[in-house]
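K.L.:
any chance you could fold what I've pasted below:
(chains A and B)
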Amino acid sequence: MILRKYKSIIKDEMDRALKEINFPEVDYQIKENTNPEYGELYTNIPFMLSKSLKKNPMDIANEIQKELVFDQSIISEVSKPGYVNFKINYKNLCEETLRNEITQLKESVNIGENQKVILEHTSVNPNKALHIGHARNLFIGDTLARMLRFTGYDLTVMNYIDDSGLQVADIIVGMKYGGFSEIPENNMKFDEYAGDKIYVKINELYENDKELAGKREYVLKELEKKSEIRQYAKEITNKILKAQLETAKRLDAKYDLLVFESDIIFSNGWKIILDKLKEEKIIQLEKEGDLSGAWIFKTNFKNETDKVIIRSDGTSTYIAKDIVLAAWKIGIINEIFNYLPFNNTELLATTLDNIENKYNFHNNMKSITLIDARQSRLQKIIKEILNQFNDNKDKIYEHLSYEIVSLSKGTAETLGIRTEDKKIIQMSGRKGMYINVDKALDIIKNKVYEETKLRNINESEEWIDNTAEKISIAAFRYELLKNDLDKIIVFDLNNSLKLDGETGPYLLYTFARATSILEKSEFQPKIEQIKNIHECLNQPHEIELIKNMAKIDIIIEESVKNMSPMRIAKFTYNLCNLFNSFYEKSPVLREEDKNIMNSRLFLVNSFRNSLIILFDLLGINYLDRI
RNA sequence: AGGCCCGUAGCCUAGAUUGGAUUAAGGCGUCAGCUUGCGGAGCUGGAGACCGGGAGUUCAAGUCUCUCCGGGCCUGCCA
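P.N.:
Residues are numbered from 1 along each chain as shown, chains lettered A, B, ... in the order given. Down below sits the predicted model:
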């Protein structure tokens, strides 16, 4: 719509010109300039051609530039060692940017073209409450989901529920044989109760109670049969899951589909996959050695040990279920589930009940699985196996990896964790070394509540509480999104209580400022009523703000292509930063020249509209006042 | 031991895809300012980085290659 449009106009004309002068084809790009002095865009193709043409870049640049023909909105210039720069007429850029409309923007960034994609995130074992590491997964996943939908993908967001694993078994052992009550004490949230009170304690008890430890193996086996214990476990895990989903809802994450591991186990999917694996000789029966009698997958990777898929006793390993799930996602096998609303909500869940199937979630063009970096090896193996199926053609299975959240030494110590000489502490659900999402949020909220109250003494208790809740979530969300996926986040409670600088509250504050101006102005000007808006908004800080707003389409496109929520987060922060400079330097309501005032007002309104779009992508609820 | 990831001011973090042109950008902290002015959860300015070390490729390297150092993770017939 804006800068992206100019980029493609320039690219087209460049292509034409290069063909005209008969230059060899190279894969070049139109890039953004870091220094606005040289114009908005440039190309470095003269350098790329310099060698093969045996000419110096400056001459090539001149040759190209002479051939280029644009209308008055674009000026091309050659500068120093051999760049061709493109300056976009500020009048055009300014007017087009300020007229930003969401429908137009969506159209211009429609890179998905309705392609069917499935995104899995969260996927926390239903035996404990979400901790802040899970929150990172959830925030990244939910933000990606918003980005993919915005750019026109036909997306399914799924949450995988491992309801038959060892971790669930621990809770069942605790309740059935360990003497733990099925009802939490003091109205504790059920997921928190299971995780904090049972999971941690039962693992301690195993140390000295061999019989209890034996029960765990028994329960685990029963979970894979249609047994009474399985039925019981289903009830318990559903209660935990509901509690987890309450937290997810508080964090503003939305899912379309829950896939239960137990439904994979009891479906015919595994049999189909197993036959295919054997038939296509992807796995093979080991005849001798340590793994004798097991079916294994030999990896191509250097020095990797072979992966057991079926144990010598005939049972399947954990990875087997993942292969079925992955194969289902990209349509290597047909639909194996039916679907029912979960807990009477809009959220759907898999079922094997024989009902009419109105939905179809398998067979996606692309599958994105968001799991932390520790599972990279396993995911690599799954991808490798999928690649070997004959009927896997052009489908993409992608593991989107992100680094974990660790605790700072100080924060770990406040939890009573012995840190010894370690600088950062890895969380562990089993050892009870973690910070619950709800608790972390409550701590942040207490602080935000005080700050909000100070600034809004006349507001109702309800208003303050609701506002504090929203600000806290924005703070938490931004905190976990602003780093790139490959960076470990060291979580420090004191640090996350910061409400200024590059934070969620700063974004909300900026939004409220912009809103406040618009509320106080008597009318909203139409751009047609303003004379020469580009001349009224011609101070450096105004130009910089507008030019950055013009980049929104490019940023959204790049963020999606690189699966980078961080890029949108940083862009939004930068835009707010520029707006606050504008706010200090260009008074709006106090400006005496009516035309200038209206121009600024119009800018404020456009900026606010841009923020609404960006906040929506980031999952931040905007507030007109904070 | 092998594989993957990280290393940018005191601390944290950007610097995208495919190397490109200002004094390498921002936040925290620190120092100095700004409010009878549209919300100070803000703004302006200062100090603070030879981008972990070294070598290489290139007209051009924070960015690519190699190597070394430091840190993290993974490597189960557990899930």
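K.L.:
CA only for contacts and neighbour counts going forward, please
P.N.:
OK.
K.L.:
domain assignment for chain A?
P.N.:
Chain A breaks down by automatic domain parsing into domains covering A:3-88, A:116-267+A:318-404, A:409-496, A:504-618.
K.L.:
distance to RNA strand B for these - can I get that in a markdown table?
P.N.:
Formatted as a markdown table, the entries for those read as follows, by distance: least, CA to the nearest atom of the strand, whole Å:
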| stretch | distance to RNA strand B |
| --- | --- |
| domain A:3-88 | 4 |
| domain A:116-267+A:318-404 | 4 |
| domain A:409-496 | 3 |
| domain A:504-618 | 3 |
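K.L.:
weakest of these by average pLDDT?
P.N.:
Ranked on mean pLDDT, the bottom entry among those is domain A:3-88, at a mean of 88.
K.L.:
before we move on, the earlier item: make CSV out of the domains of chain A and add distance to A:Gln104 and mean neighbour count.
P.N.:
Written out in CSV, the entries for those read as follows (distance: least, CA to CA, whole Å; neighbours: other CA atoms under 10 Å):
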stretch, distance to A:Gln104, mean neighbour count
domain A:3-88, 12, 16
domain A:116-267+A:318-404, 12, 19
domain A:409-496, 27, 17
domain A:504-618, 10, 19
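K.L.:
who's in contact with A:Ile333?
P.N.:
Listed by CA atoms under 8 Å, 6 or more residues apart in numbering, the contact partners of A:Ile333 are A:Gly269, A:Ile272, A:Ile273, A:Ala327, A:Asn363.
K.L.:
now with 7 Å?
P.N.:
Contacts for A:Ile333 (CA atoms under 7 Å, 6 or more residues apart in numbering) come out as A:Ala327.
K.L.:
in chain A, which helix is the longest?
P.N.:
For chain A, the longest helix by residue count, based on DSSP state H, is helix A:594-618.
K.L.:
what sits up against it?
P.N.:
In this structure, residues lying in contact with helix A:594-618 by CA under 7 Å, 6+ apart are A:98, A:100, A:143, A:146-147, A:511, A:514, A:525, A:530-531, A:533, A:536-537, A:569, A:572, A:588-589, A:591, A:621-622.
K.L.:
in helices, which of the residues you listed appear?
P.N.:
Of the positions in these, A:Leu98, A:Thr143, A:Arg146, A:Met147, A:Phe511, A:Ala514, A:Ile533, A:Cys536, A:Ala569, A:Thr572 sit in helices, assigned by DSSP H.
K.L.:
doesn't A:Asn159 make contact with A:Val259?
P.N.:
Yes. Using CA atoms under 7 Å, A:Val259 and A:Asn159 qualify as a contacting pair, with a distance of 6.3 Å.
K.L.:
that older thread, of the ones in helices among the contacts of helix A:594-618, which is the nearest to A:Gly214?
P.N.:
Ranked by distance to A:Gly214 (CA to CA), the ones in helices among the contacts of helix A:594-618 are led by A:Thr143 at 42.6 Å.
K.L.:
which residue ranges of the stretch 401-550 of chain A form strands?
P.N.:
Secondary structure of the stretch 401-550 of chain A, counting by DSSP state E, counting those that start in this stretch: strands at A:405-408, A:424-426, A:489-491.
K.L.:
pipe these into CSV and attach distance to A:Glu222 per row.
P.N.:
Shown next, in CSV, are the strands of the stretch 401-550 of chain A (distance: least, CA to CA, whole Å):
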stretch, distance to A:Glu222
strand A:405-408, 34
strand A:424-426, 32
strand A:489-491, 39
